[in-house]
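1. Pasting a predicted model and its sequence here:
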Number of protein chains: 2
Amino acid sequence: MNELPHPVPGAPATPPTGEAERPRAPASLHGELLVALRDYIVEGNLADGARVPERDLCERFGVSRTPLREALKVLASEGLIDLLPNRGARIRPLRPHDIHELFDVMGGLEALAGRLACEKVEEAEIAEVERLHYEMYGYYLRRDLHGYFRCNQAIHLAIVAAARNATLDETYRTLSARLRRTRYAANLDQHRDRWGQAMREHEAMLDALRRRDGRELSDILFLHLRNKQLAALDVHQGASDGAGALPQDETSVA
Amino acid sequence: MNELPHPVPGAPATPPTGEAERPRAPASLHGELLVALRDYIVEGNLADGARVPERDLCERFGVSRTPLREALKVLASEGLIDLLPNRGARIRPLRPHDIHELFDVMGGLEALAGRLACEKVEEAEIAEVERLHYEMYGYYLRRDLHGYFRCNQAIHLAIVAAARNATLDETYRTLSARLRRTRYAANLDQHRDRWGQAMREHEAMLDALRRRDGRELSDILFLHLRNKQLAALDVHQGASDGAGALPQDETSVA
DNA sequence: TCTCCTGTTTTTGCATTCATTTTTGGAGCC
DNA sequence: GGCTCCAAAAATGAATGCAAAAACAGGAGA
């Protein structure tokens, strides 16, 4: 395959990129292809509703149609593309309504994660969230969106991880992928009030987590996601440029 | 294909079975096969950890390996089977721990559904839930497990439907399918206290829904699922026979 | 100029084929 | 009797081939 992170024969199987990859079987061609295609789509290389032509992708990734079609079926079941009978695959359009739905469900899942995390979280995990929180606060003070987004995403993933529920984790990540396709390169400076509110909500989260108050953390997370949603939709509907200053893998929202 | 509800050429595309089917594309061979295979597995025709031999299934369903393998990839992404590289597919074992995780996530999703439903539910939907509730109460009084389970499942699906969130609905159904593979033919008479408690929880649900108290309905649903879980695990661990009196599509729990 | 029809090209869906890997069966040996 | 090793058989992973459906292009007719 051409554009895939081809494992060099002598190199270690897991490249030291430090990125926590999906535990999916990476040993088969269709498995690697699935990951590559998902990234390709999630990173926004194909526009809403665009055709996903098999032939082109086969050439691009240097594989035959069989494994590619298998990967497409899986991506369809993950909700990233639509398969039209006899008419090929299309990038599933993300209308504001779809984004709204996704944020609600992810809010529900994060709320659950918060509740479970409070039951099971260990001191070390709380410490890690605290560390990330204060690091994020630093970025907030410096108006560093790049760092802020990265920490923000890490915090939310840490809370989901602390719930110690693999099913939850996988469901959450699958839905995240759908959402990550949009380019919310939100200039939060233009939403400074929202940014400050998000920081305060994160303060409250950390406090609830420290006290292991599951119900409160659950509520905060759900409402936090709802507020996120408003900001995101605002940006999404308003701008298609988004001042594209952020690298693609950091297109989270506040 | 042999065992599939073969669409006769002259017949309408959607058979009037009255059953609300998934909105997935049913027009292609792999699409029908996916539904058929999913049902076949969900209905418990294959044991935990059993091999899923391609060749046998090809003969059983009368298709070649290509569409079958496509369907298997999708079922793996849905969590029903595991795909071992070069070693074929296995029915994903449902250990008590997995069941525990699934119940927690479904509890979170139902809690979300309750919250959203209270924001959007219409009078007619409440009336329908009420009708189902009292019908279920009748079955409870008559100790009719069959009817009770059916109504119970209908109520929970109605609440999820009332949330009017297609993403939530699909996620919920996918996880439900994983769980439905277990045969909880629980004889709730042996858990009469649990059965009564479940009825009371349903009373509280209906009350919260009537008052459109999202937070309370959310809490009740989450805890209701937790309690269900205990009963289910109790049954699951204790008996592998399950007195198999119930038809397979009614293996819900109280 | 627009619409409709038709023949061609492209694309999709599925079956078949080929290369590898795994599994199986048994002979030989301890 | 049990274990190891090796070869045959079977199963899997991927590529190719073929029929059918859809998209496209061009021209006739209004």
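-> Done, it's in.

2. Going by C-alpha atoms from here, please, whenever you check contacts or count neighbours.
-> Fine.

3. buried ones in the host helix or strand of A:F103?
-> Remark: A:F103 resides in helix A:96-120, with elements defined by DSSP states H and E. Within helix A:96-120, the residues that qualify as buried are A:98-118, counting by 16 or more other Cα atoms under 10 Å in any protein chain shown.

4. out of the residues you listed, who's near chain B?
-> When the buried residues of helix A:96-120 are checked against chain B using Cα under 8 Å from any Cα of the partner chain, the ones in range are A:101-102, A:105, A:108-109, A:111-112.

5. Quick one: name the residues of the stretch 51-200 of chain A near DNA strand C.
-> Taking Cα under 7 Å from any atom of the strand, the part of the stretch 51-200 of chain A that reaches DNA strand C is made up of A:52-55, A:65-66, A:83-89.

6. Make a ChimeraX selection of the buried ones in those residues.
-> The following ChimeraX line selects those of those that are buried, judged by 16+ other Cα under 10 Å:
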select /A:52,54,83,89
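
7. B:L132 versus the residue nearest the centre of chain A, what's the distance?
-> The C-alpha lying nearest the average C-alpha coordinate of chain A belongs to A:S176 (Cα atoms, centre = their mean; 3.8 Å). A:S176 sits 35 Å away from B:L132, taking Cα to Cα, to the nearest Å as the criterion.

8. With A:P85 instead?
-> 38 Å.

9. Please give the number of neighbouring residues around A:M205.
-> Other residues lying near A:M205 total 23 when counted by other Cα atoms under 10 Å in any protein chain shown.

10. How about it: what's its closest non-neighbour residue?
-> Counting by Cα to Cα, 6 or more residues apart in numbering or on different chains, A:L217 is the residue found nearest to A:M205 once chain neighbours are left out, at 5.7 Å.

11. Can you dump the C-alpha atoms of stretch A:59-68 in PDB for me?
-> What follows is stretch A:59-68, C-alpha atoms only, in PDB (Å, rounded to 0.1, in the frame of the first residue of the first chain):
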ATOM      1  CA  GLU A  59      -5.100   3.000  -6.800                       C
ATOM      2  CA  ARG A  60      -4.500   5.500  -4.000                       C
ATOM      3  CA  PHE A  61      -3.900   2.700  -1.400                       C
ATOM      4  CA  GLY A  62      -2.600   0.200  -3.800                       C
ATOM      5  CA  VAL A  63      -4.900  -2.700  -3.000                       C
ATOM      6  CA  SER A  64      -7.600  -4.600  -4.900                       C
ATOM      7  CA  ARG A  65     -11.200  -4.000  -4.600                       C
ATOM      8  CA  THR A  66     -12.000  -6.900  -2.300                       C
ATOM      9  CA  PRO A  67     -10.400  -5.600   0.900                       C
ATOM     10  CA  LEU A  68     -11.400  -2.100   0.100                       C
END
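
12. Run the chain-centre distance for it.
-> For stretch A:59-68, the gap between its own C-alpha mean and the chain's C-alpha mean amounts to 26 Å (Cα atoms, centre = their mean, to the nearest Å).

13. for stretch A:157-164, same thing?
-> Taking the mean of its C-alpha atoms, stretch A:157-164 sits 14 Å from the chain's own mean (Cα atoms, centre = their mean).

14. can you map out the helices along chain A?
-> Residue ranges of the helices in chain A, as given by DSSP state H, are A:29-42, A:54-61, A:65-77, A:96-120, A:123-141, A:145-162, A:166-180, A:192-211, A:214-238.

15. and the helix holding A:F103, what's its mean pLDDT?
-> Mean pLDDT, helix A:96-120: 95.

16. Which secondary structure elements does it sit against?
-> In terms of contacts (3 or more Cα pairs under 8 Å, 6 or more residues apart in numbering or on different chains; DSSP states H and E), helix A:96-120 is packed against helix A:145-162, helix A:166-180, helix A:214-238, helix B:96-120, helix B:166-180.

17. Can I get those in a markdown table including distance to A:L29?
-> Conversion of the helices and strands packed on helix A:96-120 to a markdown table gives the following (distance: least, Cα to Cα, whole Å):
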| stretch | distance to A:L29 |
| --- | --- |
| helix A:145-162 | 28 |
| helix A:166-180 | 21 |
| helix A:214-238 | 36 |
| helix B:96-120 | 28 |
| helix B:166-180 | 26 |
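
18. Can you get me a residue count around the nearest residue to A:V74 once chain neighbours are set aside?
-> What sits nearest to A:V74 in space, not counting adjacent residues and going by Cα to Cα, 6+ apart, is B:V74, at 5.1 Å. By the other Cα under 10 Å criterion, the neighbourhood of B:V74 contains 23 residues.

19. follow-up on the earlier one: and the residues of the stretch 51-200 of chain A next to DNA strand C, which is the shakiest by pLDDT?
-> Among those, A:P53 has the weakest pLDDT, 87.

20. List phi and psi for that one.
-> Main-chain torsions, A:P53, degrees, to the nearest 10: phi -80, psi 130.

21. Does it touch A:G88 like I think?
-> Yes: between A:P53 and A:G88 there is a contact under Cα atoms under 8 Å: 7.0 Å.

22. check contacts around A:E123.
-> For A:E123, no residue counts as a contact, taking Cα atoms under 8 Å, 6 or more residues apart in numbering or on different chains as the criterion.

23. hang on, I meant A:E130
-> Contacts of A:E130 were listed using Cα under 8 Å, 6+ apart, and they are A:L206.

24. How much space separates it from A:N152?
-> Using Cα to Cα, A:E130 is found at 12 Å from A:N152.
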